[in-house]
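In: output the structure for:
(one chain, ligands or ions: 2)
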Amino acid sequence: MLMRFDRASIDTAIVTRQDDQLADGYFKKIAQSVRDNVFVLDKDRQILFANKSAENLFGEGLVGKNFVNVIRHPDCLAAIDGVLDGRPSEGRVIFLERGFRLMLQVNVTDLGKHNDDGARISIQLNDVSQVYEAEQMRTDFVANVSHELRSPLTAVSGFIETLLGPAKDDAEARSRFLNLMQQETARMVRLISDLLSLSKVEANQRIRPTENVDLVSVVRRVVKNLEQAASERGKKIRLDVGDTPQWTIGSEDELIQVFQNLVENSIKYSAAASEIDISICRLDRALQINGPAYQVTVKDKGEGIARHHIARLTERFYRVDNSRSRAMGGTGLGLAIVKHIVGRHRGRLQIESEEGTGSVFRVVLPVSNIGS
Ligand SMILES: Nc1ncnc2c1ncn2[C@@H]1O[C@H](COP(=O)(O)OP(=O)(O)OP(=O)(O)O)[C@@H](O)[C@H]1O
Ligand SMILES: [Mg+2]
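Out: Ligands and ions are numbered 1, 2, ... in the order given. Okay, here's the model as predicted:
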């Protein structure tokens, strides 16, 4: 069929070509600026384009290299082959080790033929490691809670069975079993109340507390509550906090929880008949805190904590010695709660420990200029 072009349609064709070039430029800029790693390859898997994110992750000078030399992952290469073989798109999830574990969602798309030069394909790598870690944490958390609840529940149901059966008429056994049942149910109540505390602090993580709190009186109250427990184990708490109030902005209840757990830990995990030292000092400047700060130090002498455990202590349910902590009634949530509360107060928690010597826990909190 014979086509007739009038002036208007020729103009339209010119404008369209200009628009295409314009759009091409825009698309390149957009591809450069997106957070995903974007590549364009030719039919031989040669890299024709790599955006900034890709260069940050895989190094500079990617254009011209063969993609196989950048990511040598069978699933990723299979997805590319799939598209080069004629499928419109392919998706995979791959793990890469680059000093740390990276989870990437790979999407390969056919961009069509370029002149006579063969196929062009795009590869988009989306870092989904955080989503994966969050999901992993959630699954671990549910497994941990179920496990922690199952042990006391199994114990209680065992006692009930014994009381209904063999120990039915044994008054002495009855009172012994009831005592054990009381301990187990107390453990479950403690676990639930710690979980509720944790979820409350987490829910309020972004809202900074607003009360003016005197750290000296907080620490004194905690020591008063725990003095007896310490002396029952032959331990002495030495306080070096002075009498002058030291004000911070916070929630009094939450700060009591922080020092209650730190001092309780020092009592539980230090050497027999040792001293626990608690002090407060003012710092003109502290790391990650704008302006002056108070540093509360809780120091104990004892077995200490091996280096490889330290970074994990604030994870939920993490305990150096599971059975010993459990035997002492611990749920392993104490330091997780401490970390969240300190974070909510825009403060810092520092842990130093040497195996065989002892541990030092420091809480650094911003100074409030309202109360002083
Ligand atoms: N001062 C310390 N000295 C030695 N080990 C410690 C000290 N503080 C904590 N730990 C170790 O860290 C683990 C986690 O402490 P965390 O306070 O979170 O849990 P817990 O004391 O076991 O239980 P909970 O605090 O919930 O009652 C403890 O089980 C213990 O192994
Ligand atoms: Mg504890």
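
In: tell me who's in contact with the residue of the chain found nearest ligand 2.
Out: The minimum distance from the chain to ligand 2, using Cβ to the ion, falls at residue 334 (2.9 Å). No exception for glycine: its C-beta is placed from N, CA and C like everyone else's. Contact analysis of residue 334 by Cβ atoms under 8 Å, 6 or more residues apart in numbering lists 194, 261, 264, 265.

In: I figured the first one hits residue 329, correct?
Out: Pointing back at residue 194 there. No. If you go by Cβ atoms under 8 Å, residue 194 and residue 329 don't touch, sitting 11.1 Å apart.

In: more neighbours, these two?
Out: Ranked by neighbour count (other Cβ atoms under 10 Å), residue 194 and residue 329 place residue 194 first, with 21 against 12.

In: phi, psi of the more buried one?
Out: Dihedral pair for residue 194: phi -70, psi -40, per degrees, to the nearest 10.

In: count of residues packed around the residue lying closest to it once chain neighbours are set aside?
Out: Nearest residue to residue 194, sequence neighbours excluded (Cβ to Cβ, 6 or more residues apart in numbering): residue 333, at 4.2 Å. Per other Cβ under 10 Å, the neighbour tally for residue 333 reads 23.

In: any idea how far residue 333 is from ligand 1?
Out: In this view, residue 333 and ligand 1 are 4 Å apart by Cβ to the nearest ligand atom, to the nearest Å.

In: hmm, back to that, keep only those of the contacts of residue 334 that are in strands.
Out: The members of the contacts of residue 334 all map outside strands under DSSP state E.

In: ok, of those residues, which one's closest to residue 159?
Out: residue 194 (23.6 Å; Cβ to Cβ).

In: buried residues in stretch 189-197?
Out: Under the neighbour-count criterion of 16 or more other Cβ atoms under 10 Å, stretch 189-197 has 191, 194, 195, 197 buried.

In: do it and ligand 2 meet at all?
Out: No. Residues of stretch 189-197 are not located near ligand 2 by Cβ under 5 Å from the ion, the shortest gap being 9.5 Å.

In: returning to what we had before: same list, the contacts of residue 334, but as JSON lines with pLDDT please.
Out: Shown next, in JSON lines, are the contacts of residue 334 (pLDDT from 0 to 100):
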{"residue": "194", "pLDDT": "94"}
{"residue": "261", "pLDDT": "97"}
{"residue": "264", "pLDDT": "96"}
{"residue": "265", "pLDDT": "95"}
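
In: can you narrow the residues you listed down to the ones near ligand 1?
Out: 194, 261, 265 (Cβ under 6 Å from any ligand atom).

In: how many residues are close by residue 141?
Out: Counted with other Cβ under 10 Å, the neighbours of residue 141 add up to 13.

In: which helices and strands sit right next to the host helix or strand of it?
Out: Using DSSP states H and E, the element containing residue 141 is helix 129-164. Secondary-structure packing of helix 129-164 (3 or more Cβ pairs under 8 Å, 6 or more residues apart in numbering; DSSP states H and E): strand 101-113, helix 171-203.

In: could you say which of these is packed most deeply?
Out: Greatest average neighbour count among the helices and strands packed on helix 129-164 goes to strand 101-113 (a mean of 16), per mean count of other Cβ atoms under 10 Å.

In: between helix 129-164 and that strand, find me the angle.
Out: On the basis of axes from the mean of the first three to the mean of the last three Cα atoms, to 10 degrees, strand 101-113 is oriented at 130 degrees to helix 129-164.

In: starting at the chain centroid, how far to strand 101-113?
Out: Its chain's average C-alpha position is 28 Å from that of strand 101-113, according to Cα atoms, centre = their mean, to the nearest Å.

In: sheet partners, orientation included, of it?
Out: strand 89-97 (antiparallel), strand 119-127 (antiparallel) (DSSP bridges).

In: which residue ranges of this structure form helices?
Out: Taking DSSP state H, the helices of the chain run over residues 7-33, 52-58, 74-84, 129-164, 171-203, 215-232, 252-269, 307-310, 322-327, 334-344.

In: show me the one of the ones you listed that comes nearest residue 44.
Out: helix 74-84 (9.3 Å).

In: and that closest one, how far out from the chain's middle?
Out: With Cα atoms, centre = their mean, you get 34 Å for helix 74-84.

In: right, and residue 302 touches residue 269 too?
Out: Yes. With contact defined as Cβ under 8 Å, residue 302 reaches residue 269; the gap is 6.2 Å.

In: contacting residues for residue 316?
Out: Residue 316 touches 141, 144, 198, 332, 333, 336, counting by Cβ under 8 Å, 6+ apart.

In: how about the CA coordinates for stretch 196-206, as CSV?
Out: Presented in CSV, the C-alpha positions along stretch 196-206 are these (Å, rounded to 0.1, in the frame of the first residue of the first chain):
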residue,chain,number,x,y,z
LEU,A,196,5.0,-7.3,77.6
SER,A,197,7.6,-4.9,78.8
LEU,A,198,9.7,-5.5,75.7
SER,A,199,6.8,-5.0,73.3
LYS,A,200,5.7,-1.8,75.2
VAL,A,201,9.2,-0.3,74.9
GLU,A,202,9.5,-1.3,71.3
ALA,A,203,6.1,0.2,70.4
ASN,A,204,7.3,3.5,72.0
GLN,A,205,10.8,3.4,70.6
ARG,A,206,10.4,6.5,68.5
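
In: all set now, cheers.
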